[in-house]
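Undergrad: Predicted model and sequence follow; I will ask about them next.
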Amino acid sequence: MTSPDHVPSRRIGRSARSLRHSTDFSVRQRETPYLDALAAYRDVGYTSFATPGHKRGKGAPAKLVDVLGPAVLSVDAARAGGVDDTRESSGFMAAAECLAAEAYGADRAWFLVNGSTSGVHALVLGLASPGDCLVVPRNSHKSMLAAFILSGVVPHYVEPVIHGEWQIPLGVTPEDLASAVAQRPEARAVFVASPNMYGVCADLTGLAEVAHTHGLPCVVDQAWGPHLRFCSRLPVDAMQADADASVTSIHKLCSGLTQSSVLLARGPRVDLERLAQVALMTQSTSPQALIYASIDAARQQLVTQGEELWGRALERAEWARRQIDELPGLAVFGEAQCDSDQAFEIDRTRLTIGARGLGLSGYELETLLRCDYRVIVEMSDPLNVVCNITHADTSDDLRTLVGALAAISQRYCGDCSPSRVLRCAEALTPPRFAGQVLSPREAFFSASRAIPTKDAAGETAAEMVTPYPPGVPVLGPGEAISDEIVAYLLAGAEMGLHVHGPRDASLRTIRVVDQ
């Protein structure tokens, strides 16, 4: 077995070759103003009569101190009344956000402590009014549908192509987007999700050009791409592709604490002052200083070390990809498996691994890796598991993953039933959108009743059904329920599909609008 650290470099992606601009950031990018302020707060040793109630760990339960340690609790503080005064007057928060805006090529940046979900909510509320239309991909995260319920905005969906063999949703093409915008010329903005959870990247440059040709802002849910801008061997990121706004999850693949994200925007197509207002409205009024500090530190790390760190992560991921592809019954999704225009590029640090050649579903493969080999994956679906390879993964980590998969391959090879797995995957292929009868908000707040799922065809859904992960709704409030959707829900109920949204998580009943 070769070393994960000795892998020939691969080609730079198409969009990266044409669009990657200089990363000669200002000397200021080495600074971490918010992280420094948090350290100063700790070192001063204030006597606090503010939140949180454990008062820098002095009153914390012993078990919590044992898990977190006194160092973490000593800097667990709110932004105001803790790190800053209650008037938030010192300015280091603004300085940290300005550095993030510069790093990502935006006019403005807002640190988010409620994850990219709150950024999506802010963007929908900031770009449209009740009754307005937004053009969005059907495979958007459930936060988008929640934003429609909260705002009264109406979606016009663009269906992505599903890869036939791997059952992975691919990107929306510029041609598909142009057709959708032509159908809804009154739309206020275009939303795009790229990369998706599988690392599939859309043609962001082409999509932004379509939106701008029609005078619309192009907004990207880039939750899974916070690292792209900082390594020339990775696909191009949203702001480099001329998007007007994006939201990106620092915690997903970079060094931010869980829930840390950044909202980015530039004018003039986006009203920055309105967006600033709603960004505050959608955030906690007691934001966690630790999360803010982690965003500040992660930004500095990305700018100053991103090329080196993520280049090494990519080499290790490519090594693992080749090793896994050689194992009987296993395969890794990549450029060779995907010749569709809908997958413009792939973030090759994401490993989507299928074991159907061993007769194992993605769910079964995840269970084996976790329970028998102590390996945790990001998610599983009926066919695959997804592994995130980041700058933090060592060569030994990658050897552990490959070794576990090799053991599983040897254990199940020759004793398999691929047809069973394929039948399971076919039954759980996401159903096609059947039409929007009512707006998501109108349906959500309408009178509703629960009926047996088997009798739901022809009704209008009053609730959301979202398999999780990946968190992409297959049914939303106000949508028509087709026979295909009923078949999916019944198959999901039989297979124990884990879903968010419906009151009856077993999927034996579904709530419909009481007309």
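TA: All right, it came through fine. Because the structure is a prediction, the values reported are computed rather than measured.
Undergrad: Give me the secondary structure label for the residue most central in space within the chain.
TA: Centrality entry for the chain: nearest residue to the mean C-alpha point is Ala223, 3.8 Å, by C-alpha atoms, centre = their mean. Under DSSP: H, G, I helix; E, B strand; the rest coil, Ala223 falls in the coil class.
Undergrad: Now do stretch 378-388: distance from first to last residue.
TA: This stretch, stretch 378-388, spans 7 Å end to end (C-alpha to C-alpha, to the nearest Å).
Undergrad: Then stretch 132-143?
TA: 18 Å.
Undergrad: And the average pLDDT for that stretch is what?
TA: Mean per-residue pLDDT for stretch 132-143: 93.
Undergrad: Domain parsing of the protein, as residue ranges.
TA: In terms of domains, the chain is parsed into 307-427, 440-513 (source: automatic domain parsing).
Undergrad: Show the residue spans covered by the helices in the stretch 151-300 of the chain.
TA: 174-183, 204-213, 250-253, 272-281, 289-325 (DSSP state H, counting those that start in this stretch).
Undergrad: Among these, which comes closest to Arg42?
TA: With C-beta to C-beta as the criterion, Arg42 lies closest to helix 289-325 of the helices of the stretch 151-300 of the chain, at 10.2 Å. Where you see a C-beta, it was placed from the backbone N, CA and C, and this is true even at glycine.
Undergrad: Can you list the buried residues in the closest one?
TA: Of the residues in helix 289-325, 289-303, 306-307, 309-321, 323-324 count as buried by neighbour count, 16 or more other C-beta atoms under 10 Å.
Undergrad: ok, then the element right after it?
TA: strand 331-332 (DSSP states H and E).
Undergrad: helices and strands around the next helix or strand after that next one, which ones?
TA: Once strand 331-332 ends, the next helix or strand along the chain (criterion: DSSP H and E) is strand 345-346. With contacts taken as 3 or more C-beta pairs under 8 Å, 6 or more residues apart in numbering; DSSP states H and E, strand 345-346 sits against helix 14-19, strand 200-201.
Undergrad: Would you single out the least confident of the ones you listed?
TA: Among the helices and strands packed on strand 345-346, helix 14-19 carries the lowest mean pLDDT (a mean of 41).
Undergrad: Distance from stretch 171-189 to the middle of the chain?
TA: In terms of C-alpha atoms, centre = their mean, to the nearest Å, the centre of stretch 171-189 is found 22 Å from the chain centre.
Undergrad: List of residues touching that stretch?
TA: For stretch 171-189, contacts defined as C-beta atoms under 8 Å, 6 or more residues apart in numbering pick out 127-128, 132-135, 137, 156, 158-160, 190, 192, 194, 196, 200-203, 206-207, 209-211, 214, 216-219, 341-344.
Undergrad: Can you turn the buried part of those into a ChimeraX selection?
TA: Applying 16+ other C-beta under 10 Å to those, the buried members can be selected in ChimeraX as follows:
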select :127,128,132,133,134,135,137,156,158,160,190,192,194,196,200,201,202,203,206,207,209,210,211,216,217,218,219,342,343,344
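Undergrad: Dump the helix or strand containing Leu73 to CSV, restricted to CA.
TA: Applying DSSP H and E as the criterion places Leu73 in helix 70-74. Provided in CSV are the C-alpha atoms of helix 70-74 (Å, rounded to 0.1, in the frame of the first residue of the first chain):
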residue,chain,number,x,y,z
PRO,A,70,-12.2,24.6,32.8
ALA,A,71,-10.4,26.3,29.9
VAL,A,72,-13.4,26.1,27.6
LEU,A,73,-15.9,27.2,30.3
SER,A,74,-13.7,30.2,31.2
